[in-house]
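K.L.:
Sequence and predicted structure are below.
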Amino acid sequence: MDKTYDALLLVSFGGPESLKEIRPFLERITEGKNIPSDRLEEIVQRYETVGGISPLNANIRDIRERLEIEIKSRDIDIPIFIGHRNVEPLIVNTVNEMKVSGVAKSLAWLASPYSSYSSCRQYTENIENACSQIGTNAPQIDQIRRHHDHPGLIEPAADCLRLAIDNIPYEKRSEVVLLFSAHSLPTSMAESCRYEAEINEAALLVANKVDPDKRLRREIVWQSRSGPPSVPWLEPDINDKLDQLSSEGVEAVAVSPIGFPIENFEVLWDLDFEASNKASSLGMSFSRAETVNNDSRFISMIADLLCERISKPTSTKANLGTLDLSPEICEKDCCPMN
């Protein structure tokens, strides 16, 4: 094995894991944004409504445990670290731990496979800032490529959607509408990156595996928008789409959280609570597909992406779509904020 890289860093947004962690977490992610206190309290109540925690951190830890087993089966002997943007272990603290452990050069896998400022470039900046803070002998950390169309993501996502369709009452399944939901972005940000194109392609790939004859209607929807209403974001919002579908006589939807491979608070609140309740109020059957999480194919995908960089750099890279492969090293000005 090529020993150029001697560690792997798993990077995510992070989330609170207890009620007492919610406010400090929210204060951290809204720092400098002048968010009214009543708005923060509203978000606190949302967390409390879905149990007071985000499942994201635990899912990342589980992925690490399974990935450690996977890479050892491939004779890859490197440590795997976890760093979050907004909760412990914070990226900067993990980078310091890596330095103390003697790591010189690491790869970083980001929990979102898509290209945008908030899902890619901002994490790159977080890592660079952490290394600058650590200073002398901080490890060099390179990012693993974006991978929206990797079979290790698409195939388990399709299986999850099939199960969701099976949960729709039998008499409604032949007319169920497939909704593919992802985190919305300001349109100015979306126009400067491939995010929307990647979401569209990932959704198409999953839909074609689930419904190869294209008998079922498919729609892209967006969720989790924030900020002032005057700023345009990607649309339609999933709840607006449910209203529209209901007015057209649609009686059932199956929702794939295609933009969220790993379950987090936004899936629980925006889909399992808000969208599900909206559908219920409209008399519509609603079934949300599970996220991919720790599916063995997803774990193997991460190992494959690691191997692209350390074992056989000339080997064929797995992808199912038609968009150009994302580069191993992003350009300095990629995915600007707007």
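P.N.:
Done, it's in. These numbers come from a predicted model, not from an experiment. Numbering: from 1, shown residues only.
K.L.:
who does whichever strand or helix holds Ala254 pair up with?
P.N.:
Assigned by DSSP states H and E, Ala254 belongs to strand 252-256. Sheet partners assigned to strand 252-256 using DSSP bridges are listed as strand 177-183 (parallel), strand 285-288 (parallel).
K.L.:
nearest to Pro336, of these?
P.N.:
For these, distance to Pro336 was read as C-beta to C-beta. The smallest value, 17.6 Å, belongs to strand 177-183. Where you see a C-beta, it was placed from the backbone N, CA and C, and this is true even at glycine.
K.L.:
Show me what secondary structure element comes after the helix ranked longest in the chain.
P.N.:
Longest helix in the chain by number of residues, with DSSP state H as the criterion: helix 56-73. Counting by DSSP H and E, the next helix or strand C-terminal to helix 56-73 is strand 80-84.
K.L.:
other SSEs contacting the helix or strand just after that next one?
P.N.:
Moving toward the C-terminus from strand 80-84, the next helix or strand (DSSP H and E) is helix 91-100. With contacts taken as 3 or more C-beta pairs under 8 Å, 6 or more residues apart in numbering; DSSP states H and E, helix 91-100 sits against strand 8-12, strand 80-84, helix 122-134.
K.L.:
For the chain, which residues score under the pLDDT cut-off?
P.N.:
Residues of the chain meeting the criterion pLDDT under 70: 1-3, 312-315, 338.
K.L.:
in stretch 264-284, what's buried?
P.N.:
By neighbour count on 16 or more other C-beta atoms under 10 Å, the buried set for stretch 264-284 is 264-272, 274-276, 278-279, 282, 284.
K.L.:
CA atoms of that stretch as CSV?
P.N.:
C-alpha atoms of stretch 264-284 as CSV (Å, rounded to 0.1, in the frame of the first residue of the first chain):
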residue,chain,number,x,y,z
ASN,A,264,-29.7,14.2,10.9
PHE,A,265,-32.0,16.6,12.6
GLU,A,266,-33.2,18.2,9.3
VAL,A,267,-34.5,14.8,8.1
LEU,A,268,-36.3,14.2,11.4
TRP,A,269,-37.9,17.7,11.5
ASP,A,270,-38.4,18.7,7.9
LEU,A,271,-39.5,15.3,6.6
ASP,A,272,-40.7,13.1,9.5
PHE,A,273,-42.4,15.9,11.4
GLU,A,274,-43.4,18.8,9.1
ALA,A,275,-43.8,17.2,5.7
SER,A,276,-45.4,14.0,7.2
ASN,A,277,-47.9,16.2,9.2
LYS,A,278,-48.6,18.3,6.1
ALA,A,279,-49.4,15.1,4.1
SER,A,280,-51.6,13.8,6.9
SER,A,281,-53.6,17.0,7.0
LEU,A,282,-54.1,16.7,3.2
GLY,A,283,-55.3,13.1,3.6
MET,A,284,-52.2,11.9,1.7
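K.L.:
before we move on, the earlier item: tell me the most buried of the strands paired with strand 252-256?
P.N.:
Mean neighbour count (mean count of other C-beta atoms under 10 Å) peaks for strand 177-183 among the strands paired with strand 252-256, with a mean of 25.
K.L.:
and after that strand, which helix or strand comes next?
P.N.:
Sequence-wise, the next helix or strand downstream of strand 177-183 (DSSP H and E) is helix 187-190.
K.L.:
Which strands and helices lie in contact with whichever helix or strand comes after that next one?
P.N.:
Using DSSP H and E, the helix or strand that follows helix 187-190 towards the C-terminus is helix 195-210. Other helices and strands packing on helix 195-210, by 3+ C-beta pairs under 8 Å, 6+ apart, are helix 151-166, strand 177-183, strand 218-223.
K.L.:
which residues touch the second one?
P.N.:
This means strand 177-183. Strand 177-183 is contacted by residues 114, 118-119, 161, 165, 199, 202-203, 206-207, 210-211, 216-224, 238, 241, 245, 250, 252-260, 266, 270-271, 275 when judged by C-beta atoms under 8 Å, 6 or more residues apart in numbering.
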